[in-house]
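> fold the following for me, if possible:
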Amino acid sequence: MSIDLKKTGKVYLAGAGPSDIGLLTLKTLQILKKAQTVIYDALIGPSVQGLIPHHAEQIPVGKRAGRHSMKQEEINRLIVEKALEGRLVVRLKGGDPFLFGRGAEEVQALLEHGIEYEIIPGVPSAVSVPAYAGIPVTCRGMSSAVHILTGHKKQDEPLDIDFKALTRAGGTYVFLMGMSSLQEIADGFLKAGMEPGMPAAVIEQGTGARQRTIPASLQTLEQEAYRHHAAAPAVIVIGKTAAFAKEFCWYEKLPLFGCRILVTRPAARSGRLSGMLRELGAEVIEMPAICTRKRDCAGAFLKELSRIREYRYLVFTSPAGVDYFFELLENLDLDIRCIGNIRLAVIGSATKDALRKHGLKPELMPERYNGAALGKLLNQSLQDGEKVLILRSAMGSEELVKEIQAGKQIQVTDLAIYDTVYTAGSCAVQGDAAGFHTDSGVQSASAGYGTGSGMQSASAGFGTGSGMQSASAGFGTDCLPQKTGSMETRLIQDGRADMVMFTSASTVRGFVQMTEGWDYTAVRAVCIGKMTADQAAFYGMQVHLAEKETIESMTEAALKLHRNN
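Below is the predicted model of the structure:
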């Protein structure tokens with residue numbers, strides 16, 4: 001078969017590790033970001049699966065013991081077809097692709113068609129799962145060898161294992177895909193002369209939120225597994241080191257162990273929250289319900305910079321606003337000197353930290369991290385006739401402006417420099433605009449909407465109030481296509497997600513867009529503030545409000561909720 005190499009794609013056979021996203025290799029993560037097609041097994045951890053980019057074609061091919069959704073020959077053919085279409089294909093396999101993963105067969109198919117490929121090793125479950133259960137597979141003076149075996153066999157045929165030779169060799173025996181052959185494995189070792197009291201263990205769903213370690217002896221292994229209703233996927237460990245499970249157990253003792261949490265924060269902002277939850281033992285699946293996108297507002301931005309000395313305060317309401325501000329400066333070949341000595345005000349510590357990265361320190365930050373609190377603080381600091389410039393999302397809450405102007409003649413320019421975009425659906429969600437930017441006297445240089453009388457806009461999107469002026473349409477909240485497969489939504493629907501973290505009212509609305517039509521009464525929503533909580537309550541969710549509007553307080557709320565369940 002003649003192959004045009006310019007039109008032929010490339011295939012990466014990549015190991016995804018056992019389940020924990022922290023065990024995914026950097027190389028696999030890097031290539032996943034570039035993937036055009038991802039063909040993945042059923043055993044891929046949900047948090048890892050959540051890393052597959054929205055733009056990539058996702059094809060599940062099963063490969064779970066006894067429930068193959070696609071035969072290996074069909075998988076080989078599929079990989080070849082996608083590569084011949086000129087695509088960058090990632091064949092994502094649980095654990096390591098060459099350890100009982102039939103990776104060699106897939107490589108052979110690629111070689112037959114002259115397709116370029118690379119192998120990216122993965123952390124094997126044969127070592128990592130026992131480690132998460134506190135079982136070392138080797139230990140000086142106790143076990144100097146580890147034998148990794150498959151318990152998989154053809155139907156109605158015995159295991160092709162020389163148990164006598166294994167027993168003579170000694171060491172630790174780790175079986176993958178062995179639950180259906182558990183009794184045969186135990187009997188094989190017993191007949192070969194292994195001590196009936198030899199320590200053993202079955203570890204279900206290792207390194208994930210549903211990990212469970214079932215200790216036993218060789219003689220009681222099948223009985224204990226049956227008594228605890230053990231099921232695949234599981235790793236079986238037989239050998240003296242299995243006795244360490246109780247003493248060395250660490251993962252199952254973490255405070256958020258057993259908790260599967262969905263984080264709806266934008267992907268670029270979710271790292272700190274996800275990291276804190278994972279450190280406490282939670283299985284975190286990032287499900288960005290919104291993302292942000294810079295606006296084409298250079299003209300309006302330059303106009304406000306030209307009169308920056310007229311303003312008493314420059315206000316930022318989010319780290320994204322700070323980032324887009326500096327990006328605008330960079331694109332316009334300007335630097336921070338253009339804002340002179342204007343005072344800075346922010347809503348919370350995250351925005352404060354974003355400014356400090358650029359050597360700036362805000363003068364005002366409220367104790368409560370919300371727009372109303374910042375508005376009240378600014379109102380106390382301003383006199384009649386003074387001006388404020390706000391740089392924020394087009395979906396900004398009206399409360400900030402309302403509180404700034406309460407009882408005073410303060411002019412507010414509300415410049416929308418970025419949009420908040422829902423990651424589901426196909427059309428603009430205009431209902432979210434209702435009520436925003438409604439105060440009389442507010443000027444919006446590039447805001448998305450307005451209903452207040454006397455409002456002026458250089459690039460506003462729509463409005464119903466008298467005196468509204470608009471030079472060009474451009475409502476700033478729309479949607480991105482929902483990711484194919486929607487694994488995250490299935491986790492909630494099936495009751496396999498224990499809680500959902502919401503860091504803003506817009507993440508609640510984005511989440512609802514992604515799961516439209518659901519009954520949300522079963523969703524345990526951990527919310528960062530009252531506005532977010534009110535939005536979650538509106539949809540009937542079980543609301544758990546963090547005491548403070550911080551990531552740390554949200555983590556505390558998750559701990560409290562998990563302890564009480």
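> ok, Ala209 to Leu159 distance?
Ala209 sits 31 Å away from Leu159, taking Cβ to Cβ, to the nearest Å as the criterion. Heads up, the C-betas are built off the backbone N, CA and C, glycines and all.
> so between these two, which is more surrounded?
Ala209 (24 against 19; other Cβ atoms under 10 Å).
> nearest residue to that one other than its sequence neighbours?
Glu283 (3.6 Å; Cβ to Cβ, 6 or more residues apart in numbering).
> surely the one you found touches Arg260?
Yes: taking contacts as Cβ atoms under 8 Å, Glu283 lies within contact range of Arg260: 4.7 Å.
> shared neighbours, those two?
46, 209 (Cβ atoms under 8 Å, 6 or more residues apart in numbering).
> neighbour count for the two, which is higher?
Under the criterion of other Cβ under 10 Å, the comparison of Glu283 against Arg260 puts Glu283 first, with 26 against 20.
> give me the distance between the residue nearest to Ala209 and Ala525.
Distance, Glu283 to Ala525, using Cβ to Cβ: 18 Å.
> please, which helix or strand holds Val322?
Assessed by DSSP states H and E, Val322 sits inside helix 319-331.
> what sits against Asn370?
Residues near Asn370 by Cβ under 8 Å, 6+ apart: 347, 399, 529-531, 549.
> ok, Ala216 next?
By Cβ under 8 Å, 6+ apart, the contact set of Ala216 is 200-202, 223-225.
> that's a helix at it, yeah?
No: with DSSP: H, G, I helix; E, B strand; the rest coil as the criterion, Ala216 is strand rather than part of a helix.
> tell me what it is bridged to.
Beta-bridge partners for Ala216, by DSSP bridges, are Ala200.
> separation between it and Pro130?
In terms of Cβ to Cβ, Ala216 sits 14 Å off from Pro130.
> list buried residues within the contacts of Asn370.
Among those, those scoring as buried are 347, 399, 529, 531, 549 (criterion: 16 or more other Cβ atoms under 10 Å).
> closest one of the residues you listed to Glu367?
The shortest gap between Glu367 and any of these belongs to Glu549, at 9.6 Å (Cβ to Cβ).
> for the closest one, give me the pLDDT.
At Glu549 the predicted local confidence, pLDDT, stands at 89.
> ok, now how distant is it from Lys357?
Going from Glu549 to Lys357 by Cβ to Cβ gives 21 Å.
> do Ala126 as well
From Ala126 to Lys357 the distance is 43 Å (Cβ to Cβ).
> between these two, which has more neighbouring residues?
Legend: neighbour count by other Cβ under 10 Å for Ala126 and Lys357, higher for Ala126 (24 against 11).
> low-confidence ranges, the stretch 351-500 of the chain, go.
The stretch 351-500 of the chain contains residues with pLDDT under 70 at 424-495.
> after the helix holding Val322 comes which helix or strand?
Once the chain leaves helix 319-331, the next helix or strand it forms, by DSSP H and E, is strand 343-346.
> for the helix or strand just after that next one, buried residues please.
Heading C-terminal from strand 343-346, the first helix or strand you meet, by DSSP H and E, is helix 349-356. By neighbour count with 16+ other Cβ under 10 Å, helix 349-356 contains the buried residues 349-352, 354-355.
> of those, closest to Ile44?
The nearest member of the buried residues of helix 349-356 to Ile44, counting by Cβ to Cβ, is Ala350 at 31.7 Å.
> so what's that closest one closest to, chain neighbours aside?
Pro319 (5.2 Å).
> same check, this time on Val322
Distances taken as Cβ to Cβ, 6+ apart place Ala354 nearest to Val322, at 3.9 Å, with adjacent residues excluded.
> and what of Gly22?
Arg278 (6.6 Å).
> contacting residues for the one you found?
Arg278 is in contact with 21-22, 284, counting by Cβ under 8 Å, 6+ apart.
> who wins for neighbours among the residues you listed?
That'd be Val284 among those, by other Cβ under 10 Å, with 26 neighbours.
> can you pull the contacts of it?
Taking Cβ under 8 Å, 6+ apart, one finds 21, 47, 261-263, 274, 277-278 in contact with Val284.
> please redo it, this time with the cut-off set to 7 Å
Taking Cβ atoms under 7 Å, 6 or more residues apart in numbering as the contact definition, Val284 lies against 47, 261, 263, 274, 277-278.
> before we move on, which element is Gln223 in?
Element membership for Gln223 (DSSP H and E) is helix 221-227.
> which strands and helices lie in contact with that helix?
Judged by 3 or more Cβ pairs under 7 Å, 6 or more residues apart in numbering; DSSP states H and E, helix 221-227 is in contact with helix 182-191, strand 212-217.
> want to throw those into TSV with distance to Ala267 and mean pLDDT?
Shown next, in TSV, are the helices and strands packed on helix 221-227 (distance: least, Cβ to Cβ, whole Å; pLDDT from 0 to 100):
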stretch	distance to Ala267	mean pLDDT
helix 182-191	41	97
strand 212-217	31	98
